[in-house]
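K.L.:
Next comes the sequence, and after it the predicted model I'd like to discuss.
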Amino acid sequence: MRNRVFLAGLLCAAPAFAAEQGPLTVLQVLDLSGQNGDTGKDFLTGAKVYFDYVNTHGGVNGRKITHVVADDKGIAENTLALTRQLVAESRPAVLFGYMGADNVDTVLADDRLRPSGLALVGPYSGVGRSRWSNLFPVKAGPADEVRRILRMATSLGISRIGLFHGVDTLGKAARTTVDQELAAKGYAPATRAVFHAAINIGDAAEHMAAKQPQAVILAAPTLASAQFVRELRARLPGTQFFALSSVNHQTMLEFLGPQAAQGVAVTALTPSPYNPVTPVAREYVKHLKQFRDEAVSYASIDGYISARVLVEGLKSAHNGNYLAAFAGLPQIDVGGHVVNLHPKTGATAGFVDVLVFSQQGRLVN
């Protein structure tokens, strides 16, 4: 009986969203204390900075944004339970900035949530093309990152690839893509080392070193990836490393230090916040100083850009139909960075850059 009452409430709630003239609620459930918690915190910071900016400039069509946030610790079951609870309590206009494909799929596949007709905009990572018509990623997915890495690696004559990945959503997505792309190129399967709670990273590095890969792709949580770099380099000097964007670049640098991080390549799906040559990057740096005064990071500018795209969609909605607004948006230029939300074109910005840590710990092309 309780489930039937909850579902009925959701069915009645959708039109109520449109009628409400008070604050406009955005619901975000993401990992803030699990394996990818550092990245989630940075992503959240960037989003909050832009929402603060919008609220101090009149809100969205005169409505202030109420940003409701919950920590799912990276666990999909938590994501679903928290979303069910907070959709009922806060009646959001839209879902925003979730982390991980499994977490997103669990929410969007839920029979109790689907009648609400909520769009989910700007998932952080691990989500590319999707079967969900109400999912709107604002950037390239893990498959795009892996393909970009393999193009660079093969252009350098690298054919023996290793993969250090987690058992979380992001790690599994990377594993699938690496397997598919290497098979398509006719290369041998990647040598794998899998990170989980019981693993000894030194033993994993020993196993990987015995296979002598020329390059290793890092798709595990940030601190585990950084420790793996340290352990493998001690056993197999000269190995090239490529870290996916889900690995927090700044945290990795802080763990390894500039000397040990030197030469590690990382993917980035947004313009650089460290060399802010694009208008959106300059505005991000300005607003971050104004509202938070925290260090810039790629995860943080990612949240900022995702929030900007979200606000553009909210502004364009008619009669509270936010799902239709996002489905109908054309390409959006958020300041020198173009985003395409339209699901028929894959709902991806497509931008993937590869940078390398310099001797001074700076990321350079």
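P.N.:
Received, thanks.
K.L.:
from here on, contacts and neighbour counts on C-alpha atoms
P.N.:
Will do.
K.L.:
Any regions of the stretch 101-250 of the chain where pLDDT drops low?
P.N.:
Along the stretch 101-250 of the chain, segments meeting pLDDT under 70 span 126-130.
K.L.:
Now do the strands in the stretch 201-350 of the chain.
P.N.:
Assigned by DSSP state E, counting those that start in this stretch, the strands in the stretch 201-350 of the chain fall at 215-219, 240-243, 265-268, 332-333, 338-339.
K.L.:
Point out the most buried one among those strands.
P.N.:
Stretch with highest mean neighbour count among the strands of the stretch 201-350 of the chain: strand 215-219 (a mean of 26; mean count of other Cα atoms under 10 Å).
K.L.:
Okay, now the sheet partners of it, with direction.
P.N.:
strand 161-166 (parallel), strand 240-243 (parallel) (DSSP bridges).
K.L.:
Residues contacting the shortest one, please?
P.N.:
With contact meaning Cα atoms under 8 Å, 6 or more residues apart in numbering, strand 240-243 is reached by 149, 214-219, 229, 263-267.
K.L.:
swap the cut-off to 6 Å and go again
P.N.:
Ala215, Val216, Ile217, Leu218, Val264, Ala265, Val266 (Cα atoms under 6 Å, 6 or more residues apart in numbering).
K.L.:
Show me which of those is closest to Gln35.
P.N.:
Of all these, Leu218 has the smallest distance to Gln35: 14.3 Å, by Cα to Cα.
K.L.:
Throw the strands paired with strand 215-219 into JSON lines and include distance to Ser133, thanks.
P.N.:
Below are the strands paired with strand 215-219 laid out as JSON lines (distance: least, Cα to Cα, whole Å):
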{"stretch": "strand 161-166", "distance to Ser133": "28"}
{"stretch": "strand 240-243", "distance to Ser133": "30"}
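K.L.:
gap between Ile161 and Ile75?
P.N.:
Distance of Ile161 to Ile75, given as Cα to Cα, to the nearest Å: 29 Å.
K.L.:
Repeat that for Asn134.
P.N.:
For Asn134, the distance to Ile75 equals 22 Å [Cα to Cα].
K.L.:
Ile161 and Ile75: which is more packed in?
P.N.:
Neighbours per residue (other Cα atoms under 10 Å) separate Ile161 from Ile75, with Ile161 holding more: 25 against 19.
K.L.:
got the contact list for the more buried one?
P.N.:
When contacts are counted by Cα under 6 Å, 6+ apart, Ile161 touches Ala190, Pro213, Ala215, Val216.
K.L.:
Check Val247 too.
P.N.:
By Cα under 6 Å, 6+ apart, the contact set of Val247 is Thr222.
K.L.:
Make residue 1 into 45 and carry on from there
P.N.:
Let's use 45 as the start, then, which means that last one is Val291.
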